[in-house]
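K.L.:
Okay, here's the prediction I keep looking at, along with the sequence it came from:
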Amino acid sequence: MSLITAALLFFLAAAAGGIFLARMHMTPATAPGWLIVAHPLLAAVGLILLGSGYVRYGGPNLAAWALVVLVLAAIGGMVMASMRVKRGRAPSALILLHATLAVIGILLVLTEVVANDPGAPPEF
């Protein structure tokens, strides 16, 4: 399995948790603590894999753009986490922006994975 494919799997797992967290944000219920911790950790592992693969092997422009967009999404996530600590809740608009950036980044990674010939050695 290539680094970019592994990164995609971690991003998809983080996205599944993010969907649940966003849904919980719209209800008065509290999200489980393990998910609040797992969501950014999964995304961070995906970023590390994508970034290390890009640095080690170079790579296509889509991977570079995905890395930029996903880093922006991560920054948005950190801002939301600090707002949650200070205010107890993050604004819904910021959650929507974070999710939109994450989806765009994941789609870029997915496009890169699908575009690579499965029989060819992966670029990373």
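P.N.:
Received, thanks.

K.L.:
Tally up the residues packed near Thr111, please.
P.N.:
A count of neighbours around Thr111, defined by other CB atoms under 10 Å, yields 15. For the C-beta atoms, the positions are set from N, CA and C on the backbone; glycine is no exception.

K.L.:
Nearest residue to it in space, please, no chain neighbours.
P.N.:
Leu62 (5.8 Å; CB to CB, 6 or more residues apart in numbering).

K.L.:
so that neighbour makes contact with Val114?
P.N.:
No - in this structure Leu62 lies outside contact range of Val114 using CB atoms under 8 Å: 10.4 Å.

K.L.:
which of these two has more neighbours?
P.N.:
In this view Leu62 and Val114 are compared by other CB under 10 Å, and Leu62 has more residues nearby, 17 against 9.

K.L.:
Helix or strand: which one has the residue lying closest to Pro91 once chain neighbours are set aside?
P.N.:
Distances taken as CB to CB, 6+ apart place Met83 nearest to Pro91, at 7.3 Å, with adjacent residues excluded. In this structure, Met83 sits in helix 61-87 according to DSSP states H and E.
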